[in-house]
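# what's the 3D shape of this:
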Amino acid sequence: MSERIAVLSLALVLFAALLVFAPGPAGAGVSVKSGSYSGKTVQESVKGSFRKVQFTVRKGKVTLTGEPVVAKGLCLSTPVFTLDGTPKRKLSSRGAFTFTKTFVGSKFDRISGRFVSPTEVEGFVTYHFQAQDLCSGGKIKVRFSAEHT
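Alright, predicted model coming up:
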């Protein structure tokens, strides 16, 4: 019985040492430069100044300060994320963030990004549209990129 306890104790000590001295995950994330970021969506059907996406990064949090206009047919998106102020989200350990707003039911408008370098972000903007006289309903997903300013 005491031999069994000794083996179990040794196993626990080895497991604890493994947790303490084991290396962390390789490439777990990108170090991010704090400050302001500005960029545009790639949707050419919207004038350049309306395609801007802007945010700031401070202390591991991303604050959305400007959202882009996205077009689907003849319809244009309205601000939904910055309507009630500037939303903040925590930056994940791999350098990603997502802002979401409920469109209808289980459909969500979304701005998602990920740092691909310490000063560059790439991501997608997804908006849903209701069917109206001049445009069909549905969703559209547009790519964006932003750089530190």
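
# so after the worst-scoring helix or strand of the chain on mean pLDDT, what's the next helix or strand?
Ranked by mean pLDDT, DSSP states H and E, the weakest helix or strand in the chain is helix 2-21, scoring a mean of 54. Sequence-wise, the next helix or strand downstream of helix 2-21 (DSSP states H and E) is strand 35-41.

# in that next one, what's buried?
Judged by neighbour count (16 or more other C-beta atoms under 10 Å), strand 35-41 contains these buried residues: 37, 39-41. For every residue, glycine as well, the C-beta is placed using N, CA and C.

# Confirm Ser49 sits in a helix?
Yes. Under DSSP: H, G, I helix; E, B strand; the rest coil, Ser49 falls within a helix.

# how about the nearest residue to Thr82, chain neighbours excluded?
Counting by C-beta to C-beta, 6 or more residues apart in numbering, Thr82 lies nearest to Glu67, which is 5.3 Å off, once chain neighbours are set aside.

# Got the confidence number for that neighbour?
At Glu67, the predicted lDDT confidence score is 94.

# would JSON lines of the buried residues of strand 35-41 with distance to Val57 and pLDDT be doable?
As requested, the buried residues of strand 35-41 are arranged in JSON lines below (distance: C-beta to C-beta, whole Å; pLDDT from 0 to 100):
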{"residue": "Tyr37", "distance to Val57": "7", "pLDDT": "97"}
{"residue": "Gly39", "distance to Val57": "13", "pLDDT": "97"}
{"residue": "Lys40", "distance to Val57": "18", "pLDDT": "96"}
{"residue": "Thr41", "distance to Val57": "19", "pLDDT": "96"}
